[in-house]
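> Any chance you can model this:
(chains A and B)
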There are 2 protein chains.
Amino acid sequence: MKLRRSERMVVISNYLLNNPYKLTSLSTFASQYEAAKSSISEDIAIIKKAFQEAGIGEIETITGANGGVLFRPTIARSEARALVEDLRERLSESDRILPGGYIYLSDLLSTPKILQNVGRIMADAFKGQAIDAVMTVATKGVPLANAVANILNVPFVIVRRDLKITEGSTVSVNYASGSSGRIEKMFLSKRSLKPNSRVLIVDDFLKGGGTISGMISLLDEFDCQLVGVAVFAENIQQRQDRKDYKSLLKVSDIDIKDHKITVKIGNIFD
Amino acid sequence: MKLRRSERMVVISNYLLNNPYKLTSLSTFASQYEAAKSSISEDIAIIKKAFQEAGIGEIETITGANGGVLFRPTIARSEARALVEDLRERLSESDRILPGGYIYLSDLLSTPKILQNVGRIMADAFKGQAIDAVMTVATKGVPLANAVANILNVPFVIVRRDLKITEGSTVSVNYASGSSGRIEKMFLSKRSLKPNSRVLIVDDFLKGGGTISGMISLLDEFDCQLVGVAVFAENIQQRQDRKDYKSLLKVSDIDIKDHKITVKIGNIFD
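Residues are numbered from 1 along each chain as shown, chains lettered A, B, ... in the order given. Now for the predicted structure:
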């Protein structure tokens, strides 16, 4: 496909945006778009500058025979803070309080634009760390893990609380469920995670921390390493541990009588 | 933010790619990038041509006071066919057969690149139809529904087979589960779907069709309309209905003895 320079830049930008963390040689672009490597190199320099100035991400150019370009998505601190502040306001809406002091947040976690932004913010908080997979627990964590995995361009694995025939052989661990006050089981398909993977755990709402502890013990069973934990929101009243989990939002009070939720920005920017 | 023309084109491309089906006025770009509307208009013309030639999508320019530009992602037929052919080969791998004749496909449905491509193909199959939401059933359908919703820039709703406190009030329907041979219940949070929404149903694997029928009866309960049904794969031996559901892949035979799965391209391109 032969394109004019300006069109070529648009198409190469699109490729990089859709293939984060993938090293692509200049020759690949050169042959695809029937252009000299030196022209591609100039295109990349312009795209790099544009991505940088607009806070879209960084493009690294690796020289040598196995070299090429690699795009790392980022998010400007100011943009991230504004997005989280907007989410803080949405989560504070009084009609989110459900009987029993639970908070309804399924609408936020099923809106593509919100998920994409949360994915960018969470991935950015672990920038520079090697991550091979993102882990979460079914069901509400799945879109979040998916969003973070999209940015990191790695697979995600779904831990389940029930046993499904379609998962094949599974490994299970026990965990203390804060919501039921009982010891429960969680399951992960044996094929879904390779040994020695470096794993980022993502979840929607952190209360007692039992579910996360369960996932961490699953990592041990799979001989994998924990890179970190990121949650959309945590309830700081119910936290039983003082572990260093990164949260976008902190729910500090749910006043059922006056229908008031107090939400603060989490520790993700600390 | 003032940028050079070539940089501005890269940044506007990024914006359009991240905001499909969203009408944005030229003035918005003009003020954001401190450029004349006529210059933005020329940028858009170049981006439009590049997107078209590379099969990325169509840009529609709407004139008038409430006008602007709108990006609709598409996928070239040849690219879509090549991607589905690749998935056909992956799904035919003999080690996917699980005891009981089930097929393991969690790895495919948790790889961002595959999901993004499947999302593009499924969304493209319903091009030109107004869609307000994508519906699926937990758990494996979620990443697929998310992927399609990303392309259409609409929310997705998750039907559950169990009752969760965090969903608030729910509506439930009965459905005939092919796998258990029993009548089961499925639930959808009352808040998650607005009346009169036009809904696309997406699922991972279609066997008897009971789950899909259940979701269609939920649409009735919510006074919503069905736009269509798209599934990643269907088992044509187990299909009990002859409904017009679009599938990427058709499993025509699972030979447990010889460890052989026969997979064909589905009807999505018909």
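
> Least confident secondary structure element in chain A?
When the helices and strands of chain A are compared on mean pLDDT, DSSP states H and E, strand A:102-103 comes out lowest with a mean of 90.

> C-terminal to that one, what's the next element?
helix A:112-125 (DSSP states H and E).

> Okay, buried residues for that following helix please.
For helix A:112-125, a neighbour-count test (16 or more other Cβ atoms under 10 Å in any protein chain shown) marks A:112, A:114-115, A:117-125 as buried. In short, each C-beta sits where N, CA and C put it, glycine included.

> does that helix come close to chain B?
Yes - counting by Cβ under 8 Å from any Cβ of the partner chain, chain B is contacted by helix A:112-125 at A:112-113, A:115-116.

> measure stretch A:126-134 end to end?
The stretch stretch A:126-134 measures 12 Å between its terminal residues, going by Cα to Cα, to the nearest Å.

> Get me the contact residues on the stretch 151-270 of chain A for chain B.
Residues of the stretch 151-270 of chain A found near chain B (Cβ under 8 Å from any Cβ) are A:153-158, A:160, A:162, A:164-168, A:179, A:189, A:191-192, A:205.

> Distance check, A:Lys190 against chain B.
A:Lys190 is 10 Å from chain B, where distance means Cβ to the nearest Cβ, to the nearest Å.

> pLDDT score for that residue?
Here, the pLDDT recorded for A:Lys190 equals 96.

> Now it: closest residue in space that isn't a chain neighbour?
Among residues not flanking A:Lys190 along the chain, A:Ser169 sits closest, at 4.5 Å (Cβ to Cβ, 6 or more residues apart in numbering or on different chains).

> and what of A:Ile254?
Closest residue to A:Ile254 apart from its sequence neighbours, by Cβ to Cβ, 6+ apart: A:Gly101 at 4.9 Å.

> Point out the other helices and strands that the helix or strand containing A:Asp86 packs with.
Element membership of A:Asp86 [criterion: DSSP H and E] is helix A:77-91. Using 3 or more Cβ pairs under 8 Å, 6 or more residues apart in numbering or on different chains; DSSP states H and E, the elements in contact with helix A:77-91 are helix A:112-125, strand A:246-255, strand A:260-265.

> Does the following helix or strand past the first one reach chain B?
Toward the C-terminal end, the helix or strand that comes next after helix A:112-125 (DSSP H and E) is strand A:133-137. No - in this structure, strand A:133-137 remains apart from chain B according to Cβ under 8 Å from any Cβ; the gap is never smaller than 8.9 Å.

> So what are the sheet partners of strand A:133-137 and their directions?
strand A:156-159 (parallel), strand A:198-206 (parallel) (DSSP bridges).

> quick one, which of these is nearest to B:Val251?
strand A:156-159 (22.1 Å; Cβ to Cβ).

> How far away from the center of its chain is the closest one?
Centroid separation for strand A:156-159 versus its chain: 12 Å, with Cα atoms, centre = their mean, to the nearest Å.

> Just the angle for the very next helix or strand once past it relative to strand A:133-137, thanks.
The helix or strand immediately downstream of strand A:156-159 is strand A:170-176, counting by DSSP H and E. Using axes from the mean of the first three to the mean of the last three Cα atoms, to 10 degrees, one finds that strand A:170-176 and strand A:133-137 are set 60 degrees apart in direction.

> So A:Ile131 sits against A:Val227, correct?
Yes - with contact defined as Cβ atoms under 8 Å, A:Ile131 reaches A:Val227; the gap is 5.4 Å.

> Next, show the common contact partners of these two.
A:198-200 (Cβ atoms under 8 Å, 6 or more residues apart in numbering or on different chains).

> Break chain A down into its structural domains.
A:5-73, A:77-269 (automatic domain parsing).

> Looking at those, spot the one closest to B:Glu85.
Here domain A:5-73 is closest among those (Cβ to Cβ), at 19.8 Å.

> Now for the closest residue to A:Glu221 other than its chain neighbours: which residues touch it?
Once flanking residues are discounted, A:Glu221 sits nearest to A:Val171: 5.0 Å by Cβ to Cβ, 6+ apart. Shown in contact with A:Val171 (Cβ under 8 Å, 6+ apart): A:187-188, A:190, A:218, A:221-222.

> cutoff 10 Å now
A:159, A:186-190, A:192-193, A:218, A:221-222 (Cβ atoms under 10 Å, 6 or more residues apart in numbering or on different chains).

> Ok, A:Leu218 next?
Contacts of A:Leu218 (Cβ under 10 Å, 6+ apart): A:135, A:137, A:157, A:159, A:171-173, A:175, A:186-188, A:193, A:199, A:201, A:224.

> Report the buried members of these.
Applying 16+ other Cβ under 10 Å to those flags A:135, A:137, A:157, A:159, A:173, A:175, A:186-188, A:193, A:199, A:201, A:224 as buried.

> Just give me the longest helix of chain A.
Scanning chain A for the helix with the most residues, using DSSP state H, yields helix A:37-53.

> Quick check: nearest residue in space to A:Lys260, chain neighbours excluded?
Closest residue to A:Lys260 apart from its sequence neighbours, by Cβ to Cβ, 6+ apart: A:Ser94 at 6.1 Å.
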